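# I would like to see how this sequence folds:
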Amino acid sequence: MLIIGPRSNYGAAMSVELERPIIYVIDDDDGFRRAIDSLLRSVGFDVRSFAGPSEYLACTENDAPACLILDIRLKDANGLDFQQQLIDADVHVPIVLMTGHGDIPMTVRGMKAGAVNFLSKPFDDDALILAVNEAVDIDRANRAARQAQDDLRAAYETLTPREREVMALVTAGLMNKQVAGRLNLSEITVKIHRGHVMQKMAADSLADLVRMAESLGVREASATRYSH
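Purely as a prediction, here's the structure:
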């Protein structure tokens, strides 16, 4: 069973956010599941508990930072197989695996598949809270990165076809005169397009725009400043 030691101060240190992290728990042991639920709520987390994967899949709440605490040995499912199912379905949620019957191959398989941590039952409250905080931090960072990429793609979609051509060539290292020659434009027209690109992409410098182009995969690989 879960060992409940002295309450840690992890929860008190958590910053107040508009979206409180949601911790999902899948364990077919009712008593153990309730103990985890109670512990995590006591330190400020929102918790959703399920006896099996099917119940979890029926839950559609996924807008807040989250993590999944997943037991490997379930009555009607294998936790590691379900972990792979989530990966195959492109479900982005950091997973903390737990089991009372763990072994090295199970641990290796789970960690290779991307689990944040692997806890062997029984474990104390601090170990669980530490693992959950780590997983939530990872999910928060991943969500921020995905949002930034979505915003970048949205900004790129506002560019005209000509502006995209200019961006691809400028970020490949071509000077305005070279871009003008390739696109059969005047140099002043290229400068205007380049200014529009910098403004729409909210790029502070050419180096910033180059990083954006690399992230989007839109740099013109065949063009260099020294090509003829």
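
# any idea what residue 90 is structurally, helix, strand or coil?
At residue 90 the chain is in coil, as set by DSSP: H, G, I helix; E, B strand; the rest coil.

# which stretches of this structure have low pLDDT?
Low-confidence segments of the chain, defined by pLDDT under 70: 1-18, 60-61, 102, 222-228.

# Strands of that one, residue ranges please.
22-26, 46-50, 66-71, 95-99, 117-120 (DSSP state E).

# So which of those is nearest residue 152?
Closest to residue 152 of these is strand 66-71 (C-beta to C-beta; 23.8 Å). (Each C-beta comes from the backbone N, C-alpha and C, glycine too.)

# now residue 149: how far from residue 215?
From residue 149 across to residue 215, the span is 7 Å (C-beta to C-beta, to the nearest Å).

# Burial check on residue 198, number of neighbours?
17 (other C-beta atoms under 10 Å).

# who are the neighbours in contact with it?
Shown in contact with residue 198 (C-beta atoms under 8 Å, 6 or more residues apart in numbering): residue 209.

# May I have stretch 140-149 as CSV, with CA atoms only?
C-alpha atoms of stretch 140-149 as CSV (Å, rounded to 0.1, in the frame of the first residue of the first chain):
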residue,chain,number,x,y,z
ARG,A,140,4.0,22.4,-19.6
ALA,A,141,7.2,22.9,-21.5
ASN,A,142,6.0,20.7,-24.3
ARG,A,143,2.7,22.5,-24.6
ALA,A,144,4.5,25.8,-24.7
ALA,A,145,6.8,24.5,-27.5
ARG,A,146,3.9,23.2,-29.5
GLN,A,147,2.0,26.5,-29.1
ALA,A,148,5.0,28.5,-30.2
GLN,A,149,5.4,26.3,-33.3
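
# tell me which residues of it are tucked away?
140, 143 (16 or more other C-beta atoms under 10 Å).

# do stretch 47-60 as well
47-53, 56.

# how much space is there between the residue sitting furthest away from the middle of the chain and residue 200?
What lies farthest from the middle of the chain is residue 186; by C-alpha atoms, centre = their mean that is 43.4 Å. Separation of residue 186 from residue 200 (C-beta to C-beta) stands at 21 Å.

# Residue 109 reaches residue 80, doesn't it?
Yes. Proximity of residue 109 to residue 80 meets the contact threshold set by C-beta atoms under 8 Å, at 5.7 Å.

# Neighbour count for the two, which is higher?
Comparing residue 109 with residue 80 by other C-beta under 10 Å, the one with more neighbours is residue 80, at 19 against 15.
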